[in-house]
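kindly return the folded structure for what I paste below:
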Amino acid sequence: MNHRHLLSPIELRGQTLRNRIVFGAHTNNMAENGLPGQRTAGYLLERALGGAAMIVCEPMPVHRTGVLTRGNFRHGTDEVIPHFRKVTEPVKEAGAVILQQLYHIGAHGDSDLSFQPHWSPSGEPSYHDSDGSHKLTEAEIWELIDAHVAAAVRCQKAGFQGVEVWAAYHSLLDQFWTPWSNKRDDQWGGSLENRTRFSRTIIERIRRACGEDFIIGLAVSTSDATAVTLSVESLLECVALHDATGHVDYVTCGHGGYLDFERLMPTFLFGEKLTAPVTEQIKGVVTHAKVTSEAHVRTPENAESVIASGQADMVSIVRGQIADPHLARKTAEGRAEDVRGCISCNQMCWGRRSRDYWISCLINPSAGREWEWGGDRFTPAAVKKSVLVVGGGPAGLEAARVAAERGHRVELVEAAPQLGGQFRLAGMQPRRGQIMDLIGWYERQLEKLGVTVRLNTYLDETEVASHDADEVVIATGSLPDGTGRQRWMPEAATLPGIEAGGVWSPEEVLRREARLGGTVVVYDEGGNWRGVGTAWALAEQGKKVIVVTPDPFVGKEIARTSADGPARKRLAQAGAVMLTEHVITRWHGNGVSVRSMLDGSEQTLAASALVMATTNIAFDPFPEAIAGKLLHRIGDCAAPRQAPYAFHDGRKTGLAI
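Numbers count the residues shown, from 1 in each chain. The predicted model follows:
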């Protein structure tokens, strides 16, 4: 009853959706040689089994000039039809309605992948790569209209129950709608009617070709980051004109776009329910179409509030259902507290997609591996064992949970007074409280599964050897490198001057063990949240912070998540100074000497403390073998890495025991 609005059914073109939860379109980049295979099928089916009412499959480029990733599906060919049938039929059997999004990115193409000119209304520059684009001729406009219709017909033959026409994020259709990018003076430009003629013609012809029972959705987006993109008022006019045709069954509204990409898949740096105020306005101008709100509708509680308040008819929860594919089912069963909440990090979803890999998830390493790992559902172990897990960080938590899910008797031993390891410290950085929520989720799951948890307990070799466990998982993590060694000063085994004291690790800072004074230099060698987040936390505490990095910009490794720009902005607003492409040549006790990696010049910066965010070293206090025990070494104690690989190790090990 806490989610009765969210769980109520809704009708679309004669199809009954079992609830209001949509697994919206996103590029999962899982095609194999341009065809959907086991990875795609398993990924979508898991969300259908998890209770999602409607699934919108990865966008299909409608034309050779719209190819954007190497994982895109083949365009313009019926070869995809039998392969997609293997995707659509199981999803429908699991109770979900399935559509496919049709897209063309217009000016914002990727020449490395398409090897084609980017086609756009007026030949404007790309905001995806550094190229310009080709102004469409009249004949080419009709070619693209035909391509959209042909793709929709192909979808229908493949078993999809509808299509979503993409006009969001300043894509091709949005480029036609927007006066800034549509400078045409023919029937495709100028007035609102002319600027929407392209999209209205596409939709009208899809309806004519696919019939009255075929669902047609329209994807739009909103952004106030620049003055040149469509205002909310202009967007409402476009939507109303399309709704008046009676052909559009729903409108889904996202956030951001190619001109403000960091908002498109908002990280924890942004608020939640970002488009709800706009979808509420869209509801006020449509008479036929239902309205879907997307962009950071992260939790069942968020979703229920959006529906209950009348701000939308449906919600698209993408990253939330990547993190927990059974979000909808758990909510329907009254177990919303068992939903593993997305932490809005983008590290393995957009972070992998931005590097042109298939997507996964930091906290759900089965994402993209459902076909081989069984998704987030666990097969009971054939032989029940006693399992000891040493270490309660991400790797140990996940190994313990999965082993217990499979029926093993599990004991988790942690030397610290709380679970979470270094991941808990990351949750103490600004706006990262979702990490604390995740650790709380693990604590609840371990209790429900009957896992014995012993805190403040340090085991030595003798105690492990005498334990009755059949198998032992070593997940003791890593420690800061106390030498101050820098990767880009390989000739120096230690930081010159470190013996003067006043040099700290990010872990010591976040545990509030460091005595810092007023001016702190943070040397960030990783370019990730360990350094950036610590610097931000110190700046917000009123410290004068100087970030020194060997990278060409601060936050280099989080650029893949689209969070680097907003992070630098927060640092700058908090008064932090950023010095790039420099290394530290000496700590003086009251300042640092730094050297430019470009011209070799040196300068000295006054500082009361130095924080060294360099690569950790593995912490494994146990011998290679312990008599009578089968040992598994996972996470940072095997090799210091970032969090997703610890969760991956934990899941893989828990499945293997």
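
who are the packing partners of the helix or strand of the chain with the lowest mean pLDDT?
One helix or strand of the chain scores below all others by mean pLDDT, DSSP states H and E: helix 111-114, with a mean of 88. Contacting helix 111-114 under the criterion 3 or more Cβ pairs under 8 Å, 6 or more residues apart in numbering; DSSP states H and E is no other helix or strand. For the C-beta atoms, the positions are set from N, CA and C on the backbone; glycine is no exception.

show me where the stretch 101-250 of the chain has its helices.
111-114, 138-157, 172-177, 192-195, 197-210, 232-243 (DSSP state H, counting those that start in this stretch).

correction: the stretch 301-450 of the chain
Using DSSP H, counting those that start in this stretch, helices in the stretch 301-450 of the chain cover 319-323, 327-332, 350-353, 370-373, 394-405, 421-426, 433-448.

nearest to residue 227, of the ones you listed?
With Cβ to Cβ as the criterion, residue 227 lies closest to helix 350-353 of the helices of the stretch 301-450 of the chain, at 26.2 Å.

alpha carbons of that closest one, as CSV, please.
Taking Å, rounded to 0.1, in the frame of the first residue of the first chain, the C-alpha atoms of helix 350-353 are listed here in CSV:
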residue,chain,number,x,y,z
TRP,A,350,28.0,5.3,-18.5
GLY,A,351,31.6,4.9,-17.4
ARG,A,352,32.0,1.7,-19.5
ARG,A,353,29.7,2.9,-22.3
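
need the contact partners of it.
Contacting residues not belonging to helix 350-353 are listed as 27-29, 69, 265, 345, 358-360, 560-562 [Cβ atoms under 8 Å, 6 or more residues apart in numbering].

how about a cut-off of 10 Å?
If you take Cβ atoms under 10 Å, 6 or more residues apart in numbering as the criterion, helix 350-353 is touched by 26-29, 69, 71, 261, 264-265, 267, 319, 345-346, 357-362, 367-368, 557-563, 644.

keep only those of the residues you listed that are in strands.
Assigned to strands by DSSP state E, none of the contacts of helix 350-353 qualify.

returning to what we had before: taking the helices of the stretch 301-450 of the chain together, which one is wrapped up most tightly?
Counting by mean count of other Cβ atoms under 10 Å, helix 394-405 has the highest mean neighbour count of these, with a mean of 29.

quick one: average confidence on it?
Across helix 394-405, the average pLDDT comes to 98.

so that it lines up with my notes, have the first residue be 606 from now on.
Fine by me, first position is 606 from now on; the one you just mentioned is helix 999-1010.

helices and strands around that helix, which ones?
The helices and strands touching helix 999-1010, judged by 3 or more Cβ pairs under 10 Å, 6 or more residues apart in numbering; DSSP states H and E, are strand 991-995, strand 1014-1018, helix 1026-1031, helix 1038-1053, strand 1057-1059, strand 1076-1079, strand 1235-1238, helix 1248-1261.

go again with 7 Å.
Here helix 999-1010 touches strand 991-995, strand 1014-1018, helix 1038-1053, helix 1248-1261, going by 3 or more Cβ pairs under 7 Å, 6 or more residues apart in numbering; DSSP states H and E.

so which bits of the first one are buried?
Of the residues in strand 991-995, those buried under the neighbour-count criterion (16 or more other Cβ atoms under 10 Å) are 992-995.

only C-alpha atoms, please: export it in PDB.
The C-alpha coordinates for strand 991-995 follow below in PDB (Å, rounded to 0.1, in the frame of the first residue of the first chain):
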ATOM      1  CA  SER A 991      30.900 -23.500   6.100                       C
ATOM      2  CA  VAL A 992      32.500 -20.300   4.800                       C
ATOM      3  CA  LEU A 993      34.700 -17.800   6.600                       C
ATOM      4  CA  VAL A 994      35.000 -14.300   5.100                       C
ATOM      5  CA  VAL A 995      37.800 -12.200   6.500                       C
END
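
thanks a lot, see you next time.
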